[in-house]
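**Student:** Got a predicted model here, sequence first, then my questions.
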Amino acid sequence: VLVNGLLIMQTKRVLIGGATVLGLYLAIKQIRSKQQQQRRSQQQNANDNSRSSRGKINKEFLTELKDLLRIVLPSVYCKESLLLGLHTLALIVRTFLSIQVANLDGKIVKTIVDKNKYEFLKRLVQWLLLAIPATYTNSMIRYLESKLAIAFRTKLTMHLYGLYMDQDTYYRVENLDSRLTNADQCLTEDVSRFCGTLAHLHSQVSKPLLDVILMTIQLVALNSSVQENNS
């Protein structure tokens, strides 16, 4: 009887211990799953906030861009305006050169179809001669774009450093205000990236717009000549 009682007590202890271990395991697993869910929700909220905070073109963005343009282009007679005008002129020249290259390509194909060797060599020499100013113009566009980005960066950096150093603003930003972190990085890398993008944006917007205008003029002139011939 005593042995049976000891066996029953030992069995109860084993069952109680096993139930306790199982309960602790389930509790730890549930806690870890809740922590993982919280981390996933926080990460998803952070991603949603980052997506919602970037890529918006609204009235506030246009107002801030207008203020920045007033800083980098203070007047029509400044150095930056001169570089912008030269850059625009280079884009116009490249557009006209592109039209001439397209015309020569068509004429070269025509001479090949007609099997005219003399005209083919003549058009080919013209095409090679036209490639010299075209190459120079493309290099000049890249050079003026980099110079324009440097001029924008210099103007904007001097303005921001003037505000940053005025009345111990740098001390208040670094020690008393935690809303803006890495102010020095914003004044160097972010400003450089913004000015480079702004200068490149002028090329990406002006060139297609000019192409559309010139192609429209060419189509109108071609349509007018066709109508005159038909009449």
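**Tutor:** Happy to help now that I have it. Only a predicted model underlies this, so the values are computations on that prediction, with no experimental measurement involved. Numbers count the residues shown, from 1 in each chain.

**Student:** And the residue nearest the centre of this structure?
**Tutor:** Among the residues of the chain, the one closest to the centroid is residue 197, at 6.4 Å (C-alpha atoms, centre = their mean).

**Student:** which other helices and strands contact the helix or strand where that residue lies?
**Tutor:** In the assignment (DSSP states H and E), residue 197 maps to helix 191-230. Where contact means 3 or more C-beta pairs under 8 Å, 6 or more residues apart in numbering; DSSP states H and E, helix 191-230 is packed against helix 59-72, helix 79-114, helix 117-165. (C-beta placed from N, C-alpha, C; glycine too.)

**Student:** Burial check on residue 103, number of neighbours?
**Tutor:** Residues near residue 103, counting by other C-beta atoms under 10 Å, number 13.

**Student:** could you measure it against residue 155, distance?
**Tutor:** Separation of residue 103 from residue 155 (C-beta to C-beta, to the nearest Å): 41 Å.

**Student:** follow-up on the earlier one: what's the angle from the helix holding residue 197 to helix 117-165?
**Tutor:** 140 degrees (axes from the mean of the first three to the mean of the last three C-alpha atoms, to 10 degrees).

**Student:** which of the residues in helix 191-230 are buried?
**Tutor:** 191, 192, 194, 195, 196, 198, 199, 202, 203, 206, 207, 210 (16 or more other C-beta atoms under 10 Å).

**Student:** Tell me the spacing between the second one and residue 74.
**Tutor:** So that's residue 192. From residue 192 to residue 74 the distance is 20 Å (C-beta to C-beta).

**Student:** and if you look at the third one?
**Tutor:** In this structure, residue 194 and residue 74 are 17 Å apart, going by C-beta to C-beta.

**Student:** same question, the first one
**Tutor:** Shown here: residue 191 relative to residue 74, a distance of 17 Å by C-beta to C-beta.

**Student:** Who are the contact partners of the residue lying closest to residue 188 once chain neighbours are set aside?
**Tutor:** Counting by C-beta to C-beta, 6 or more residues apart in numbering, residue 157 is the residue found nearest to residue 188 once chain neighbours are left out, at 7.9 Å. For residue 157, the contact set (C-beta atoms under 8 Å, 6 or more residues apart in numbering) comprises 187, 188, 191.

**Student:** where does the protein have its least confident helix or strand?
**Tutor:** helix 169-171 (a mean of 59; mean pLDDT, DSSP states H and E).

**Student:** which stretch among the helices and strands packed on helix 191-230 comes nearest residue 37?
**Tutor:** Among the helices and strands packed on helix 191-230, helix 59-72 comes nearest to residue 37, with 34.9 Å by C-beta to C-beta.
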